[in-house]
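# Can you look at this prediction? I've put the sequence above it.
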Amino acid sequence: MINYILIDDEPKNIRILQKMLEEFCPDASFAGSATQLNEGEDLVLKVKPDLIFLDIQLPYGNAFDLLDRLQPITFEVIFVTAFNDYTLKAFRYSALDYLLKPVNINELVAAFQKASEKLRLRKVNLQLNTLLSNLRQSESTSHKLALPNAESLVFINVGDIVRCEAKGGYTAFFMKNGDKIVSTRAIKEYEDLLPSDIFIRIHNSHIINIQYVKKYHKGRGGYIEMEGNVSVEVSIRRRNEFLGRFGF
């Protein structure tokens with residue numbers, strides 16, 4: 001899904017464009033709207049949208065004043081206006097597309113599809129940069145890992161992963177700073193991806209980073225205390241492999 005916001009000084013125009021996007025662009029996810037420059041700036045900083053449909057004429061300024069405030073631009077922009085004389089300036093801001101009011105449905109769909117492709121290529125480039133970075137690194141803990149969720153990719157340092165827990169077909173990552181990040185991929189995939197020198201699967205539902213192990217409690221399988229005061233069960237069949245990592 002592509003999160004978008006609408007910035008237009010006419011609430012009626014916002015409602016019409018939102019309805020058109022809901023009906024003809026199923027990958028579009030509405031994330032908010034604003035009717036003036038300052039309100040639009042606050043919304044962008046809060047929501048961090050993928051795409052903005054931006055009216056050029058705004059109260060107390062215009063679209064280009066807003067873009068100047070938001071540098072560097074990390075989102076795609078589709079200008080929406082009733083004024084042709086802004087066209088050249090819009091392109092100087094590398095506008096993905098330019099829609100003239102009243103908005104034509106076919107032109108709207110085409111502009112949205114172009115934005116989708118540009119955003120997809122940007123994500124591919126991030127993944128390639130991550131791959132190249134990993135290939136240049138020799139230490140497991142300095143690698144980065146891309147975690148996909150429903151709407152984005154989250155890039156994390158492998159060494160900051162404390163543990164992973166299976167959640168059905170998803171995987172929850174628990175980080176050193178306390179963050180929890182849920183990936184749409186299954187834990188089995190990460191068992192193969194994570195460096196085996198510091199990660200071990202100790203249960204069908206758990207992979208741990210041995211650098212964050214504090215204590216092992218004996219039992220049939222036993223359980224581990226991790227940093228952050230979290231206990232993780234060890235399965236019977238994986239106990240010996242786990243203890244072998246520590247010379248037992």
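The structure has been received and is ready for your questions.
# strand partners of whatever helix or strand Ile207 lives in, parallel vs antiparallel please.
If you go by DSSP states H and E, Ile207 is part of strand 206-209. For strand 206-209, the paired strands and their directions (DSSP bridges) are strand 161-167 (antiparallel), strand 199-203 (antiparallel).
# and those strands, which is most packed in?
Scoring those by mean neighbour count under mean count of other CB atoms under 10 Å gives strand 199-203 as the most buried, with a mean of 22. Glycine gets a C-beta too; all of them are placed from N, C-alpha and C.
# which residues are contacting that strand?
For strand 199-203, contacts defined as CB atoms under 8 Å, 6 or more residues apart in numbering pick out 161, 187, 191, 207-210, 221, 224, 232-235, 238, 241-242, 245.
# Give me the buried positions along the helix ranked longest in the chain.
When the chain is parsed with DSSP state H, its longest helix is helix 105-136. Across helix 105-136, burial judged by 16 or more other CB atoms under 10 Å covers 108, 111-112, 115-116, 119, 130.
# Are any of the contacts of strand 199-203 buried, and if so which?
161, 187, 207-209, 224, 232, 234-235, 238, 242.
# residues touching Gln217, list them.
For residue 217 the amino acid is His, not Gln. Contacts here follow CB under 8 Å, 6+ apart; on that basis His217 touches 223-225.
# just checking, what packs against the longest helix of the chain?
With contacts defined as 3 or more CB pairs under 8 Å, 6 or more residues apart in numbering; DSSP states H and E, helix 105-136 has these neighbours: strand 2-7, helix 11-24, strand 51-55, strand 76-81, strand 97-100, strand 144-148, strand 153-157.
# Next, the angle from it to helix 11-24.
70 degrees (axes from the mean of the first three to the mean of the last three CA atoms, to 10 degrees).
# now the angle between strand 2-7 and helix 105-136, please.
Going by the same axes, to 10 degrees, helix 105-136 makes 130 degrees with strand 2-7.
# Can you give the distance of helix 105-136 from its chain's centre?
With CA atoms, centre = their mean, to the nearest Å as the basis, helix 105-136 stands 13 Å off its chain's centre.
# before we move on, what about stretch 74-82?
21 Å.
# Quick check: mean pLDDT of that stretch?
Taken as a whole, stretch 74-82 has an average pLDDT of 87.
# if I look at the closest residue to Arg239 other than its chain neighbours, how far off is Ile202?
In this structure, Arg239 finds its nearest non-sequential neighbour in Gly221, 5.1 Å apart by CB to CB, 6 or more residues apart in numbering. From Gly221 across to Ile202, the span is 8 Å (CB to CB, to the nearest Å).
# who touches both of the two?
What both Gly221 and Ile202 touch, as defined by CB under 8 Å, 6+ apart, is the set 233-235, 238.
# how far away is the nearest residue to Leu99 once chain neighbours are set aside from Val47?
Of all residues not flanking Leu99 in the chain, Val80 sits nearest, at 4.7 Å (CB to CB, 6+ apart). As judged by CB to CB, Val80 and Val47 stand 18 Å apart.
# do Asn106 as well
Taken as CB to CB, the span from Asn106 to Val47 is 28 Å.
# hmm, which helix or strand of the chain has the shakiest average pLDDT?
helix 87-92 (a mean of 55; mean pLDDT, DSSP states H and E).
# My guess is Ile78 contacts Asp55. True?
No. At 10.5 Å, Ile78 does not count as touching Asp55 under the criterion of CB atoms under 8 Å.
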